[in-house]
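Colleague: Give me coordinates for this.
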Amino acid sequence: MSLPDENLLDQPITLTNCDREPIHIPGAIQPYGFMLCLDEVSHHVAYASENTQALLGIDPAELVGAGLDYLLAPERVAELKACFASLTEVHQLLGVRLERVAGQPFYKLIMHRYDQLLWLEFEPVEESGPARLDLPYLNSALSQMLAAGSVAEFCQYAVEQVRAITDFDRVAIYRFAADESGEVAAEAIRPDLAPWLGLRYPASDIPQQARAMYLKNWLRFIPDASYVPARLVPLRPPRASRPPDMTYAVLRSVSPIHIQYLHNLGSAATMTISLIQDGQLWGMITCHHLTPKLVSYELRDLCQFIAKTFSALLSSKERQDEQVYQLQVRERQARLFEHVSNTPNFTEGLYQKTPTLMDIFDCGGAAICFDDKIVTLGNTPSQPQIEELLAWLQANVQQDIFHTTCYAALNPAGLALRGTASGFIAASLAEAPGNYLLWFRPEVVQTVSWAGQNEKPQQLADGQLFLSPRQSFEAWKQLVENTSAPWKPLEIKAATEIRLHISDVRLKVFNELHSRAQALSRLNTELERSNDELDSFAYVASHDLKEPLRGIHNYSLFLLEDYADQLDADGVNKLQTLVRLSQRMEGLIEGLLQLSRVGRTELALTEVDLNELLAEVLDLLQPRLEQTHTTVVVEGPLPSVPADRVRLMEVFNNLLTNAIKYSDQPTKTVVVGQAPAGTALPGAGEASSAYHVFYVQDFGIGIDPKHHENIFKLFKRLHAQEKYGGGTGAGLAIAKKMIEKHGGRLWVDSVLGQGATFYFALPKEIAAL
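Modeller: As a prediction, the model looks like this:
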């Protein structure tokens, strides 16, 4: 840390020595007002600013050694002297008329005590006196600040309030980072000005001696950045080694380097107010105006009150932000743990559902590296780069949790990753090499923007660069190159907890695998036996029921043939109902019998030419096709597939029969073909490329999507028994079971009134069955 060097008092101030400039003893003031420094014992003028000649018509040398009665009436002098005893570094404000000066001008008098002097600073003012404090506005402003839900909102309220009070063209909050670099965190600006929000500057823009002064004197005001300083007279009295210490002076002249900075910025007037947290400079409220602007002391004091209120509330707002962020991390972490615990493959639980691993806390991207597989989320390095990083971690890191904000400082290969992974957290999952969870953050410079990237830095005649905002940004980039935003302790803790949870899940799974495998083996055996028994029961029951049912049906027909003329109409109707119901029951039993046969019968797999098989099915259906005026279009040729020929004929027969049946059109068209490669299988975990997908498409009545699952249930009909040629509702259930017996899938795509397309997928290889 550089300290002020009083030997520079008589030396030119440049960019190379400005960090040691003794800014607290400039020996000059801003000339919009004038200054008198009184000896704290004699109350005689020890110093006077040289601009008393211009403002009062009095040579400053005449004032030095004189009393206040040279300017003021005796009763006013007495009032002031009564205040002197209570003066400290804290300012006191009075309004005074200089009765002994030509024209008797009225000034605001700002007084304080420091460096064994009584400081009297006179600012011009309208004679109407000080502005009245607007208590309703102040109450509204404080209420807004108290209600702010985040630090960002809190900052925005503060800049808007200060701009409303002062009417500066631009008011911004400049927030310091841990390395003392700064960022514009909020701003309120004139609509036609370019924004500064998000711009960053290096710590060197504000030298240490300036930061130290900002902790003592909360507010600095420059109404005209083009001023010519008014020196103190005398600059150094005979027994003084330096000018008086102006740390708390309102009119203190500022560094010429700062004035040059304001000129480069295009700012003609400025006001800066400190924001202090726990005795440290947290940031500043900075105000800028494109033209000179004199803001009254009362309004400046009100802005200082806003800044002090902001400082007092700041810690609670930061805790509020931290609590909100922590709660968000906790909630997302809990949901991620639920995904991991409920997913058979824990790695899938980390990325298949929201929130993913990347969503837990703020980062640019994440990677799940386990069992030689890498799954990436968000903005990450390439897979080869991640593999190189894993090798580096394996060779150089022993900790279970490792984090860095500057990987390039540890490994030169990190330079290539700075756009995505200047910093990262790595959580080891197992002793096996390469098993990690990774969270990435990019280089900070790549996450901010500059409003004037195409501007060229100005230069002095000798080639020395002006200090300008653009150059400050370039300097900041050099200082933070290859560095990411820091990781917060709660983020590192969250990564640790995720690692431990996954370890617990894996251990639990490992302990359960053996017993679960044994239980599954027993269950599978029991299920096979139960299924066999159920199929046997269904077969026997349906077979044995058919005979008595057929007898009922036949005897009912005999009764109608032989005794119909002896029965009244009601009796005949009841016998006809009995015939119809027995036929319906026989159809249901036949469907149950066929379904049980599908489960009981092993497939006779052969290589089936679908062109030949479909021609045979269509030949069997030809009478019905002619009767219903139906044309079947085969978009072929179709491939050969490994399948049970008889079962596959039944599937095509069922789908084609339904396509003919469920259409109100006088002439019908049905299309059969193979679906394009890549057609998605619903709910398929494996690749669709392992299947042949076929379809049967009609242009009939269609099926409401809410019934797409129900139509495949046994005996499920969507229409009354007498509509669309009747039927038991078993056909699609049987067809679905036949396709599933082949290791395939059967599904429908349809909208009510727009026809239906039934798809079925069959494995390409017999080995896949």
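Colleague: show me the contacts for K81.
Modeller: Residues in contact with K81 (Cβ atoms under 8 Å, 6 or more residues apart in numbering) are H43, L68. The way it works is simple: take the backbone N, C-alpha and C, and place the C-beta from them, glycine included.
Colleague: Where does it sit, in terms of helix or strand?
Modeller: helix 74-84 (DSSP states H and E).
Colleague: G700 now?
Modeller: Going by DSSP H and E, G700 is not part of any helix or strand.
Colleague: I'd like the distance between the nearest residue to it once chain neighbours are set aside and L389.
Modeller: Spatial nearest neighbour of G700, excluding adjacent residues (Cβ to Cβ, 6 or more residues apart in numbering): S663 at 3.2 Å. S663 sits 62 Å away from L389, taking Cβ to Cβ, to the nearest Å as the criterion.
Colleague: again with N342
Modeller: In this view, N342 and L389 are 30 Å apart by Cβ to Cβ.
Colleague: more neighbours, these two?
Modeller: Each of N342 and L389 has its neighbours counted (other Cβ atoms under 10 Å); L389 has more, 24 against 10.
Colleague: isn't there a strand covering the more buried one?
Modeller: No - in this structure, L389 is helix, not part of a strand, as judged by DSSP: H, G, I helix; E, B strand; the rest coil.
Colleague: roughly how far apart are the residue lying closest to it once chain neighbours are set aside and K108?
Modeller: Of all residues not flanking L389 in the chain, P381 sits nearest, at 6.9 Å (Cβ to Cβ, 6+ apart). If you measure P381 against K108 using Cβ to Cβ, the figure is 62 Å.
Colleague: that older thread, just give the number of residues close to the residue nearest to L389.
Modeller: 23.
Colleague: again, but for the one 4 residues further on
Modeller: Q385 is surrounded by 16 other residues when neighbours are defined as other Cβ under 10 Å.
Colleague: quick one: the helices in the stretch 301-450 of the chain?
Modeller: For the stretch 301-450 of the chain, applying DSSP state H, counting those that start in this stretch gives helices covering 346-349, 383-396, 407-410, 418-421.
Colleague: Can you say which of those is nearest to L36?
Modeller: helix 407-410 (56.0 Å; Cβ to Cβ).
Colleague: Give me the helices and strands touching that closest one, please.
Modeller: Identification of packing neighbours for helix 407-410 by 3 or more Cβ pairs under 8 Å, 6 or more residues apart in numbering; DSSP states H and E yields helix 418-421.
Colleague: Who are the packing partners of the helix it packs on?
Modeller: The helices and strands touching helix 418-421, judged by 3+ Cβ pairs under 8 Å, 6+ apart, are helix 407-410, strand 436-441.
Colleague: to the chain's geometric centre, what's the distance from it?
Modeller: Relative to its chain's centre, helix 418-421 lies at 18 Å (Cα atoms, centre = their mean, to the nearest Å).
Colleague: so after the helix or strand containing L146, what's the next helix or strand?
Modeller: Using DSSP H and E, L146 falls within helix 135-147. Going down the chain from helix 135-147, the next helix or strand is helix 151-166, by DSSP H and E.
Colleague: Buried residues, that following helix. List them.
Modeller: By neighbour count on 16 or more other Cβ atoms under 10 Å, the buried set for helix 151-166 is 151, 153-163, 165-166.
Colleague: Tell me the one of those residues nearest G103?
Modeller: T166 (29.2 Å).
Colleague: which residues touch the closest residue to L390 other than its chain neighbours?
Modeller: In space, and not counting its chain neighbours, L390 is closest to G434: 4.7 Å by Cβ to Cβ, 6+ apart. Going by Cβ under 8 Å, 6+ apart, G434 touches C369, D372, E387, L390, A391, Q394.
Colleague: Just the buried residues of these.
Modeller: The buried subset of the contacts of G434 (16+ other Cβ under 10 Å) comprises C369, L390.
Colleague: With distance to I173 and pLDDT as extra columns, can I get the contacts of G434 in TSV?
Modeller: As requested, those are arranged in TSV below (distance: Cβ to Cβ, whole Å; pLDDT from 0 to 100):
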residue	distance to I173	pLDDT
C369	41	93
D372	50	87
E387	44	94
L390	42	94
A391	45	93
Q394	45	91
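Colleague: Would you mind measuring from the residue nearest to L390 to I401?
Modeller: Going from G434 to I401 by Cβ to Cβ gives 17 Å.
Colleague: Could you list the low-pLDDT ranges of the stretch 551-700 of the chain?
Modeller: By pLDDT under 70, the weakly predicted segments of the stretch 551-700 of the chain are 551-556, 558, 572, 575-601, 683-687.
Colleague: Just say helix, strand or coil for the closest residue to N653 other than its chain neighbours.
Modeller: Excluding its sequence neighbours, the residue lying closest to N653 (Cβ to Cβ, 6+ apart) is V617, at 5.5 Å. Look at V617: counting by three-state DSSP, its state is helix.
Colleague: V617 contacts E650, correct?
Modeller: No - counting by Cβ atoms under 8 Å, V617 sits too far from E650 to count as a contact (9.2 Å).
Colleague: tell me the mean pLDDT over stretch 174-191?
Modeller: The pLDDT scores in stretch 174-191 average 91.
Colleague: again with stretch 224-238
Modeller: Across stretch 224-238, pLDDT averages out at 87.
Colleague: Wait, A680 touches S688, no?
Modeller: Yes - using Cβ under 8 Å, A680 is in contact with S688, at 6.0 Å.
Colleague: Which one's more surrounded, those two?
Modeller: S688 (15 against 9).
Colleague: isn't that one right up against P682?
Modeller: No - checked against Cβ under 8 Å, the pair S688 and P682 is beyond contact range at 10.3 Å.
Colleague: Show the model's pLDDT score for W282.
Modeller: 95.
Colleague: How about A733?
Modeller: 80.
Colleague: helix or strand for it, which one?
Modeller: Element membership for A733, per DSSP H and E: helix 731-741.
Colleague: Using PDB, list the CA coordinates for the helix or strand just after that helix.
Modeller: Following helix 731-741 in sequence order, the next helix or strand is strand 745-750 (DSSP H and E). C-alpha atoms of strand 745-750 as PDB (Å, rounded to 0.1, in the frame of the first residue of the first chain):
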ATOM      1  CA  ARG A 745     -44.200 -52.300 -29.900                       C
ATOM      2  CA  LEU A 746     -47.700 -51.400 -31.300                       C
ATOM      3  CA  TRP A 747     -49.100 -47.800 -31.000                       C
ATOM      4  CA  VAL A 748     -51.500 -45.500 -32.700                       C
ATOM      5  CA  ASP A 749     -51.300 -41.900 -34.000                       C
ATOM      6  CA  SER A 750     -54.700 -40.400 -34.600                       C
END
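Colleague: Pull the distance from the helix or strand following strand 745-750 to the chain's centre.
Modeller: The helix or strand immediately downstream of strand 745-750 is strand 756-763, counting by DSSP H and E. Here strand 756-763 shows a centroid-to-chain-centroid distance of 42 Å under the convention Cα atoms, centre = their mean.
Colleague: and strand 756-763, which strands flank it?
Modeller: strand 691-698 (antiparallel), strand 745-750 (antiparallel) (DSSP bridges).
Colleague: now it and helix 731-741, what's the angle there?
Modeller: Between strand 756-763 and helix 731-741, the angle formed by their directions is 20 degrees, by axes from the mean of the first three to the mean of the last three Cα atoms, to 10 degrees.
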